[in-house]
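J.: sequence first, then the predicted structure, then my questions.
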Amino acid sequence: MSTVGLSAARIAELVRSGQVKPTEVASDHLRQVEVVEPTLSALLSQRPDKAMAEAAQLDGRKDLKELPLAGVPVTIKDSVDVAGEPTRLGSLATPEAPRQADDELVRRVREAGCVVIGKTRQPELGIWHFTQSNLGVTRNPWNLDRTPGGSSGGAAASVASGMAPIAQGSDGGGSIRIPAAFSGLFGIKPGPGLVPIPGGHAEHWFDMTQWGPLATTVSDAGLLLDVLAGTTRFRDIAAPSRPLRLALSLRPPAAGVRLNREVRLAVEASADALRDAGHVITVTDPPYAPEFPLYFLHRFFAGIATEVDDLRLPVEKLEPRTQRMVRLGRYLNRYHPVPRNGLQRPFQAFMTWFDDYDVLVTPTTAQPSAPASGWDRRGLPATLFAGTNQVPFTQAWNVLNLPAASVPAGLTRDGFPIGVQLIARRGGEELLFSLAKQLEELRPWPRHAPMAAVASGGGAPEPQVPAGVGRRPEARSGG
């Protein structure tokens, strides 16, 4: 029996009990990579020989029963160092030389028993909500003409296609939640201070970026977040034991944005399920300030320029769109530096608003998908405009440093996954896991794109799509 399609928790259980060897698990998933990766281009680097060697070392370990992710394949985003592999940040401006040592986050997943099967693609410097750069185009396993999202698009595609049950991602403006929504996965951006910033840095993009998991189940994401954070808080969380006060908002934070009808219906169906489970739903909007998009863009441009300068990247080797962003960011850093305490007033307004609610529920994205390619033909204004219209719901929570998660909410009639976003106060990650776990029980989702089952030759049966939110697309294996 192939282990492809099994959850990370189930794989670890089989390995710890001795029913399956880590080398068998790795071999199964590497065969899946051979089949689907040429079509998806999700991995920047593949590690078949190294992964098998790592799995063989696990085979002989005496402490397998103590490892929470024993033998579980994982993919690592291209912004995190893996020993022996380059870290390109999705850019030709970065060196091709392999890194000498694992980052702390990679050390932690290895220590937990994971086998690293590859590094996943991202857009240049992790900037965009799609995954296309001068290093290639990553495609969505649900529909090859569409993007799996960004910037953790390669991570999402690797999980949705069955290459690995879990992936590490990062989120500076929606880069975990957008790929989770576009690819039918659960993903969470934790609040600051929970997961260490790679490279030992104190912050990234003026504190907006956090690192976290993408997975096909809430429990798997909890396992990986525990490993990344060095905690044991998230792996076995149950559904809420009391009614929660939930605020439902369908209004995009940016003016003039149209919410897709099928997205709205799917989010409303998720809210209805939570209401039927006993929670109190209030339709209301949080106190979005008109200046909020500017707060984000200020940190966004300034953070990109700071990163380029800190890494001493040759600006002329960056994509033209990125070069323009760096010039704007440098201007801001010189003449209008990001104020360290400039968000106290809007932050306090949100905290006062949250006094009346436990969790805010919104769509994760305004549209259910975006094109996979063609972004290289768009300039900076056109790309920003498209992003505003497609994914306006995620950035505010990076600016405010609030934990936020995307939970699968069904499929459109054309077979595109839809996500519902959950946001809580700082420190509310456990509450988000609990509510997401309940949604998973109330409205189970297909854990993989159909092509994953085609490639693996079968696998575990998928849950049915919740009624009234579209149909599953016919399976396709390429093209």
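T.: Good, I have the coordinates. Note that the structure is predicted; figures quoted are calculated from it, not measured. Numbers count the residues shown, from 1 in each chain.
J.: so how far is the helix or strand encompassing residue 226 off the chain centroid?
T.: When elements are assigned from DSSP states H and E, residue 226 belongs to helix 218-229. Relative to the centre of its chain, helix 218-229 is centred 13 Å away, using CA atoms, centre = their mean, to the nearest Å.
J.: contacts for that helix, please.
T.: Under the contact criterion CB atoms under 8 Å, 6 or more residues apart in numbering, helix 218-229 has outside partners 7-9, 12, 68-69, 74, 105, 108-109, 112, 114, 165-166, 168, 186-188, 190, 194-195, 211-215, 231-237, 407, 429, 433, 436-437, 440. C-beta: built from backbone N, CA, C; applies to glycine.
J.: ok, of those, which come out buried?
T.: By neighbour count, with 16 or more other CB atoms under 10 Å, the contacts of helix 218-229 hold 7-9, 12, 68-69, 74, 105, 108-109, 112, 114, 165-166, 168, 186-188, 190, 194-195, 211-215, 234-235, 237, 407, 429, 433, 436-437, 440 as buried.
J.: out of those residues, which sit inside helices?
T.: With helices taken from DSSP state H, the overlap with those comprises 8, 9, 12, 105, 108, 109, 429, 433, 436, 437, 440.
J.: turn these into a markdown table, including distance to residue 84.
T.: A markdown table is the format used below for these (distance: CB to CB, whole Å):
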| residue | distance to residue 84 |
| --- | --- |
| 8 | 24 |
| 9 | 28 |
| 12 | 25 |
| 105 | 16 |
| 108 | 18 |
| 109 | 15 |
| 429 | 32 |
| 433 | 34 |
| 436 | 35 |
| 437 | 37 |
| 440 | 36 |
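J.: can you map out the strands along the stretch 251-400 of the chain?
T.: Counting by DSSP state E, counting those that start in this stretch, the stretch 251-400 of the chain has strands at residues 280-283, 359-363.
J.: quick one, which of those gets closest to residue 342.
T.: Of all those, it is strand 359-363 that lies closest to residue 342, at 22.6 Å by CB to CB.
J.: now the closest one: average pLDDT?
T.: Per-residue pLDDT over strand 359-363 has a mean of 98.
J.: so what secondary structure elements neighbour the worst-scoring helix or strand of the chain on mean pLDDT?
T.: Across the helices and strands of the chain, mean confidence by mean pLDDT, DSSP states H and E is lowest for helix 450-456: a mean of 83. The contact analysis (3 or more CB pairs under 8 Å, 6 or more residues apart in numbering; DSSP states H and E) places helix 450-456 against helix 22-40.
J.: hang on, residue 86 packs against residue 45?
T.: Yes: with contact defined as CB atoms under 8 Å, residue 86 counts as touching residue 45 (7.0 Å).
J.: state the pLDDT value of the nearest residue to residue 171 once chain neighbours are set aside.
T.: Leaving aside its sequence neighbours, residue 171 sits nearest to residue 189 (CB to CB, 6 or more residues apart in numbering; 3.9 Å). With respect to pLDDT, residue 189 has a value of 98.
J.: give me the number of residues near residue 189?
T.: 34 (other CB atoms under 10 Å).
J.: again with the one 3 residues further on
T.: Using other CB under 10 Å, the number of residues around residue 192 comes to 15.
J.: for the spatially closest residue to it that is not a sequence neighbour, pull up the helix or strand it's in.
T.: Nearest non-adjacent residue to residue 192, counting by CB to CB, 6+ apart: residue 401, 5.0 Å away. Assigned by DSSP H and E, residue 401 belongs to neither a helix nor a strand.
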